[in-house]
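> Predicted model, plus sequence, below.
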Amino acid sequence: MPSVEQTIAERVEARSDRIVETLRALVSFPSIVKSNPAEAGPGERDCQLYLQKRLTALGFTTDLWDPDGPALHAKYQGRPGANKGRTFEGRPNLGGTLKGSGGGRSIMLTGHIDVVPPGAAEHWTTDPFEPVLKNGFLHGRGTVDMKGGVACMLMAVEILKELDIPLSGDIVFTTVVDEEIGGMGSLAMVDRGFRADAGIMTEPTANQIAPLCHGILWGRIIIDGIGGHAELTPNAWYTSGPVDAVQLCRQMLDGIDILNRRWMFDPKKNHPLMDLPNQIIVTQMNAGEHPSSMAGRAEIVIDAQYLPSEKDEFGLGGKVKREIEEHVFNVCQADPYLRKHPARVEWILDADCAEVPADNPFVEVFQQAVEKANLSPVLSGFGAHSDIGLPTGLGNTPTVNFGPGDPAQAHQPNERVSVRDLVDCTKAIALAIEHWCR
């Protein structure tokens with residue numbers, strides 16, 4: 001007689017078509033997150049309604065609600081996930097609970113259904129919201145980040161139900177919005193009371209267990225020069241100008257490079273599970289007013305990373321903000337104009353991070369399940385930000401990242417995930433649920 005593990009593994013393999021069709025359905029909803037968080041993406045509600053229907057059919061008690069952004073901000077101001085200006089009309093969260101027989105450990109499966117815009121159509125070889133299966137890969141926006149993971153966690157539960165596997169612990173299932181612009185959806189989910197003894201967030205990790213993610217800071221370095229005619233001989237910078245803000249930007253960019261080189265060798269900026277040290281990445285630049293005028297103003301937008309060991313007393317990146325602000329100030333001291341007119345930093349976003357220790361009981365159980373699914377149990381770090389800090393810290397649900405797909409595919413045109421990855425991920429999650437909740 002085959003073991004329970006063999007039975008689960010064989011059924012998952014047999015249901016590969018169903019896994020793919022589930023992901024096809026999810027990708028077909030254009031649940032695009034808008035840059036203005038007060039606007040609903042065109043497919044966010046429809047995607048959640050689809051998932052709610054699937055959960056209800058499995059016996060889950062479900063809760064679909066539009067979070068109250070202003071009330072959450074007032075309640076958690078200054079804490080992780082509390083972003084000002086969020087409204088959620090037409091942008092619902094979904095949660096559900098499937099009760100076990102009692103006395104067992106519970107598990108939460110969680111992910112986000114919002115996706116970033118697809119970008120220029122000419123960069124895609126397929127329609128981003130009409131998923132295409134070719135050469136063993138499903139193509140479409142969100143296949144990796146992260147509807148692939150959502151499909152796997154849903155199918156893991158469905159297959160356990162098909163097999164009538166007895167579980168003592170509850171399964172909690174949550175899908176949120178707003179992850180791509182700050183994580184307030186996950187804050188709303190935890191505030192709603194969804195929690196468990198352990199959790200899996202199915203962000204793409206190439207099917208490696210990642211009990212660690214970065215925190216991220218988005219900031220805007222503002223440099224004020226003095227506009228003037230570009231072709232005429234300027235007066236001295238320290239008198240009446242003009243002062244070229246583009247030139248000042250070059251000096252600031254050099255200063256950022258210096259700090260990044262310092263961070264490369266700073267033990268506080270490195271972690272054994274992370275491939276790269278923390279770094280400050282320049283993601284946008286805006287400067288100038290007219291083709292024949294020197295730029296009177298410039299902005300450098302940065303994405304800076306921090307580790308859980310660097311969190312401040314509020315669980316955020318306040319210490320790293322101050323470190324960057326001090327460095328910007330010091331860069332300004334090297335220039336006679338910037339000494340008198342220093343650049344300033346405005347912070348846009350602070351998204352928290354978390355780490356679940358390797359000796360946590362769930363991590364050990366999950367490693368065993370992953371190994372039984374013929375995957376590597378070696379732990380890795382998730383180099384980008386994910387929402388695991390909110391259920392882990394605020395919700396007391398130690399949560400790890402684990403999901404299908406190459407994370408480098410996230411946000412790219414022609415995003416794709418392999419069917420093999422989807423099947424292996426579903427198998428590992430189903431085995432983890434059976435081991436943990438039995």
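Looks like it came in fine.

> got a list of contacts for stretch 283-292?
Among residues not part of stretch 283-292, those counted as contacts by CB atoms under 8 Å, 6 or more residues apart in numbering are 227, 229-231, 245-246, 249, 294-303. Just so you know, the C-beta spots here come from the backbone N, C-alpha and C atoms, and that holds for glycine as well.

> Put the alpha carbons of that stretch into PDB.
What follows is stretch 283-292 as a C-alpha-only set of coordinates in PDB (Å, rounded to 0.1, in the frame of the first residue of the first chain):
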ATOM      1  CA  THR A 283      15.300  53.700  -9.900                       C
ATOM      2  CA  GLN A 284      14.200  57.100 -11.200                       C
ATOM      3  CA  MET A 285      15.700  60.500 -12.100                       C
ATOM      4  CA  ASN A 286      13.900  63.700 -12.900                       C
ATOM      5  CA  ALA A 287      15.700  67.000 -13.800                       C
ATOM      6  CA  GLY A 288      15.400  70.100 -15.900                       C
ATOM      7  CA  GLU A 289      12.700  72.400 -17.200                       C
ATOM      8  CA  HIS A 290      13.800  73.300 -20.800                       C
ATOM      9  CA  PRO A 291      16.200  72.100 -23.500                       C
ATOM     10  CA  SER A 292      18.200  75.300 -23.400                       C
END
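
> before we move on, the earlier item: please pick the buried ones from the contacts of stretch 283-292.
Burial of the contacts of stretch 283-292 was assessed by neighbour count (16 or more other CB atoms under 10 Å); the buried members are 227, 245, 249, 294-303.

> Same list (the residues you listed) but as TSV, adding distance to Gln48, pLDDT and secondary structure.
Below are the buried ones among the contacts of stretch 283-292 laid out as TSV (distance: CB to CB, whole Å; pLDDT from 0 to 100; DSSP: H, G, I helix; E, B strand; the rest coil):
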residue	distance to Gln48	pLDDT	secondary structure
Gly227	49	90	coil
Ala245	45	93	helix
Cys249	43	96	helix
Met294	50	90	strand
Ala295	45	92	coil
Gly296	46	92	coil
Arg297	42	95	strand
Ala298	41	97	strand
Glu299	36	98	strand
Ile300	37	98	strand
Val301	31	98	strand
Ile302	33	98	strand
Asp303	28	97	strand
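
> which among those gets closest to Met274?
Compare each of the buried ones among the contacts of stretch 283-292 with Met274 using CB to CB and the shortest gap goes to Asp303, at 15.5 Å.

> what about the closest one, distance to Ala351?
Computed with CB to CB, to the nearest Å, the distance linking Asp303 and Ala351 is 10 Å.

> list residues touching both of these two?
Going by CB under 8 Å, 6+ apart, residues that sit against Asp303 and also against Ala351 are 216-217.

> Phi first, then psi, for Thr56.
Recorded main-chain torsions at Thr56 are phi -60, psi -40, according to degrees, to the nearest 10.

> actually Gly317, sorry about that
Backbone geometry at Gly317, expressed as degrees, to the nearest 10, gives phi -100, psi 30.

> That one and Asn278: what is the separation?
10 Å.

> can you check Thr7 too?
For Thr7, the distance to Asn278 equals 44 Å [CB to CB].

> Can you pick out the residue with more neighbours from those two?
When Thr7 is set against Asn278 and neighbours are counted by other CB atoms under 10 Å, the residue ahead is Asn278, at 22 against 15.

> Pull up the overlap in contacts between Gly317 and Asn278.
Both Gly317 and Asn278 are contacted by 304, 306, under the criterion CB under 8 Å, 6+ apart.

> okay, now Ile281: neighbour count?
By other CB under 10 Å, 12 other residues sit near Ile281.

> Does it belong to a helix, a strand or coil?
Classification of Ile281 into helix, strand or coil gives strand, according to DSSP: H, G, I helix; E, B strand; the rest coil.

> Same check on Ala304?
Ala304 carries the three-state label strand when classified by three-state DSSP.

> Surely Val331 and Pro342 touch.
No. With contact taken as CB atoms under 8 Å, Val331 and Pro342 are classed as non-touching, separated by 9.1 Å.

> Neighbours of Gln247, how many?
By other CB under 10 Å, the residues close to Gln247 number 16.

> For it, which residues are in contact?
Shown here is Gln247, whose contacts under the criterion CB under 8 Å, 6+ apart are Gly225.

> Now it: phi and psi?
Residue torsions, per degrees, to the nearest 10, at Gln247 are phi -60, psi -40.

> where does this protein dip in pLDDT?
Scanning the chain with the threshold set as pLDDT under 70 gives 234-240.

> which residue ends up closest to the midpoint of it in space?
The central residue of the chain, meaning the one whose C-alpha is nearest the mean C-alpha position (CA atoms, centre = their mean), is Ser386 at 3.4 Å.

> Can you name the residues bridging to Asn286?
With DSSP bridges as the criterion, Asn286 is bridged to Glu299.

> Also Arg344?
The residues listed as beta-bridge partners of Arg344 by DSSP bridges are Ile222.

> doesn't Ile222 make contact with it?
Yes. Between Arg344 and Ile222 a contact is recorded at 5.3 Å, counting by CB under 8 Å.

> dump the residue contacts of the residue of the chain most remote from its centre.
Here the chain has its C-alpha centre computed as a mean, and the residue farthest from that point, by CA atoms, centre = their mean, is Thr233 with 49.0 Å. Taking CB under 8 Å, 6+ apart as the definition of contact, Thr233 has no neighbours.

> Verify the assumption that it is located in a helix.
No. Counting by three-state DSSP, Thr233 is not found in a helix; it is coil.

> Could you report the separation of it from Met294?
Plainly put, Thr233 is 12 Å away from Met294 if you go by CB to CB.

> Export stretch 93-112 to PDB, keeping only CA atoms.
The C-alpha atoms that make up stretch 93-112 are tabulated as PDB, following Å, rounded to 0.1, in the frame of the first residue of the first chain:
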ATOM      1  CA  ASN A  93      -9.200  41.300   0.600                       C
ATOM      2  CA  LEU A  94     -10.300  37.600   0.900                       C
ATOM      3  CA  GLY A  95      -9.900  35.300   3.800                       C
ATOM      4  CA  GLY A  96     -11.200  31.900   4.600                       C
ATOM      5  CA  THR A  97     -10.900  29.100   7.200                       C
ATOM      6  CA  LEU A  98     -11.300  25.400   6.700                       C
ATOM      7  CA  LYS A  99     -11.700  23.800  10.100                       C
ATOM      8  CA  GLY A 100      -9.800  20.700  11.100                       C
ATOM      9  CA  SER A 101     -11.100  18.100  13.400                       C
ATOM     10  CA  GLY A 102      -9.500  19.900  16.400                       C
ATOM     11  CA  GLY A 103      -6.300  19.800  18.500                       C
ATOM     12  CA  GLY A 104      -3.900  20.200  15.600                       C
ATOM     13  CA  ARG A 105      -1.600  22.900  14.500                       C
ATOM     14  CA  SER A 106      -3.000  25.400  12.100                       C
ATOM     15  CA  ILE A 107      -1.400  26.800   8.900                       C
ATOM     16  CA  MET A 108      -2.000  30.000   6.900                       C
ATOM     17  CA  LEU A 109      -1.500  30.100   3.100                       C
ATOM     18  CA  THR A 110      -1.300  33.600   1.900                       C
ATOM     19  CA  GLY A 111      -0.500  35.700  -1.200                       C
ATOM     20  CA  HIS A 112      -1.400  38.700  -3.100                       C
END
